[in-house]
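S.K.: no sequence on hand, only this structure:
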């Protein structure tokens, strides 16, 4: 039996996403990280019910880590 390959993303950016305790923030951060890594093509993820301050903080943090 072969060991499973690890597809875990252990980057600092993913650690930040996982550290967010509120599901709405975590979902947005995950989508934003995928968008960054995809070359920022297409529309940016919608912030939904997040306040402008929280949204901007998450974006700034991920821009610095990714």
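M.R.: Right, received. Where do you want to start? Keep in mind it's a predicted model, so treat the numbers as computed, not measured.

S.K.: Provide the contact partners of stretch 55-66 at residue level.
M.R.: Contacts with stretch 55-66, where a contact means Cβ atoms under 8 Å, 6 or more residues apart in numbering, come from 11-13, 16-17, 20, 25, 28-29, 32-33, 36-37, 47, 50. Using the backbone N, CA and C atoms, a C-beta is placed for each residue, glycine as well.

S.K.: can you give me the helices in this structure?
M.R.: Listed in chain order, the helices of the chain (DSSP state H) span residues 12-19, 23-37, 52-65.

S.K.: rebuild those helices as CSV, extending it with mean neighbour count.
M.R.: Putting these into CSV (neighbours: other Cβ atoms under 10 Å) gives the following:
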stretch, mean neighbour count
helix 12-19, 16
helix 23-37, 17
helix 52-65, 14
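
S.K.: save the ones you listed as CSV, and put in mean pLDDT and distance to residue 43 too.
M.R.: Shown next, in CSV, are the helices of the chain (pLDDT from 0 to 100; distance: least, Cβ to Cβ, whole Å):
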stretch, mean pLDDT, distance to residue 43
helix 12-19, 95, 20
helix 23-37, 96, 9
helix 52-65, 97, 14
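
S.K.: residues touching the residue lying closest to residue 42 once chain neighbours are set aside, list them.
M.R.: Excluding its sequence neighbours, the residue lying closest to residue 42 (Cβ to Cβ, 6 or more residues apart in numbering) is residue 35, at 7.4 Å. Shown in contact with residue 35 (Cβ under 8 Å, 6+ apart): 42, 44-45.
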